[in-house]
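Visitor: from the sequence below, what's the structure:
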Amino acid sequence: MLGKIFGLPPELVIPAFLVVPGAIFLSYSARKEYFYALFILGFVFLFGIGYRTPVVALIIGGLVLGYKRVFSTTVAILSSLALISYVVLYGWFKAVMVGWRGFSPLSLALERMKFTSHVFDYIVSISYPWGLTRGDLLLSIFPGPGIGPRTMISNVFGGRPEATITSTIFGPPMLDFGVLGVVVFSFLIGFSLSISLKCKPLYALLLGYLLPGIETGIVDFLIITYFLLPLLIAFSLEKTSYSLPRNNNHVSFNRNS
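Guide: Okay, here's the model as predicted:
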């Protein structure tokens with residue numbers, strides 16, 4: 001957590017985010033002890049640099065990947081409760097660090113959810129039906145010198161110029177392209193998930209980022225790349241007439257007869 005508070009060198013940000021897919025894909029065919037070791041090491045590293053979403057994605061991905069294959073339903077339920085507690089306490093700790101007082105961890109989590117919903121309601125009111133920023137927010141996702149998408153949302157909402165604000169998963173496409181943006185975005189996410197079902201580690205990775213993204217939004221360049229990967233694979237397989245079969249142990253590419 002100290003890494004996020006005191007700053008992480010930019011050249012370490014992307015390698016840090018690659019810990020999540022690395023742990024998920026490496027653990028897919030690993031034995032039980034190595035499965036736990038990979039996720040514990042990944043958790044310790046990501047917790048140390050202070051990024052909440054990758055930690056949540058790592059744990060959710062591990063639950064999806066290891067359920068019934070590595071651990072029981074009881075372990076999955078207990079792990080889910082521990083994950084919820086981590087998210088609530090993490091948000092409370094960050095609030096205390098910046099000087100917020102008088103909130104319990106649970107009440108602060110509820111206030112955050114209420115505020116995020118309020119931001120989305122405001123975006124709908126100013127963007128319905130065809131959007132407001134007309135692609136500017138989409139362009140802000142790409143790395144560069146400009147402001148990021150969450151900062152752009154903050155500016156539209158009237159927040160501080162340097163602040164970042166979450167607006168639910170549908171906030172960014174609604175702000176950019178209105179109802180049509182939400183429909184197209186939902187279709188692409190659903191289509192990507194349906195393709196990834198044929199590759200369980202990829203499905204676990206996408207679901208790991210999708211669930212926290214319901215609140216935070218999916219506006220990070222690297223995470224969007226993960227969701228585009230199944231679409232690119234499907235397009236490539238269609239062009240080369242290869243198929244991606246289901247396999248309980250590993251993923252392989254076979255030529256169609």
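Visitor: which of the helices or strands spans the most centrally placed residue in the chain?
Guide: For the chain, Y209 is the residue whose C-alpha lies nearest the centre (CA atoms, centre = their mean; 2.7 Å). Per DSSP states H and E, Y209 falls inside helix 200-216.
Visitor: packing partners of that helix?
Guide: In terms of contacts (3 or more CB pairs under 8 Å, 6 or more residues apart in numbering; DSSP states H and E), helix 200-216 is packed against helix 19-27, helix 52-66, helix 171-196, helix 221-240. (Each C-beta comes from the backbone N, C-alpha and C, glycine too.)
Visitor: how about a cut-off of 10 Å?
Guide: Here helix 200-216 touches helix 19-27, helix 52-66, helix 73-97, helix 105-127, helix 171-196, helix 221-240, going by 3 or more CB pairs under 10 Å, 6 or more residues apart in numbering; DSSP states H and E.
Visitor: right, so those helices: which one is the most enclosed?
Guide: helix 52-66 (a mean of 24; mean count of other CB atoms under 10 Å).
Visitor: picking that back up, and the helix holding Y209, what's buried?
Guide: In terms of neighbour count (16 or more other CB atoms under 10 Å), helix 200-216 has its buried residues at 200-213, 215-216.
Visitor: surely the residue nearest to the centre of the chain and V20 touch.
Guide: Yes: the criterion here is CB atoms under 10 Å, and Y209 meets it with V20 at 8.0 Å.
Visitor: what sits in contact with each of those two?
Guide: T53, P54, V56, A57, L58, I60, G61, L222, I223, Y226 (CB atoms under 10 Å, 6 or more residues apart in numbering).
Visitor: wait, is P143 part of a helix?
Guide: No: assigned with DSSP: H, G, I helix; E, B strand; the rest coil, P143 falls outside any helix and is coil.
Visitor: which residue ranges make up the domains of the protein?
Guide: Following the TED database, one finds the domains of the chain at 13-102, 104-236.
Visitor: lowest average pLDDT across these?
Guide: Among those, domain 13-102 has the lowest mean pLDDT, at a mean of 85.
Visitor: and the buried residues of helix 200-216, which is closest to M113?
Guide: Closest to M113 out of these is E215 (7.0 Å), distances taken as CB to CB.
Visitor: what about stretch 161-172, distance to the chain center?
Guide: 14 Å (CA atoms, centre = their mean, to the nearest Å).
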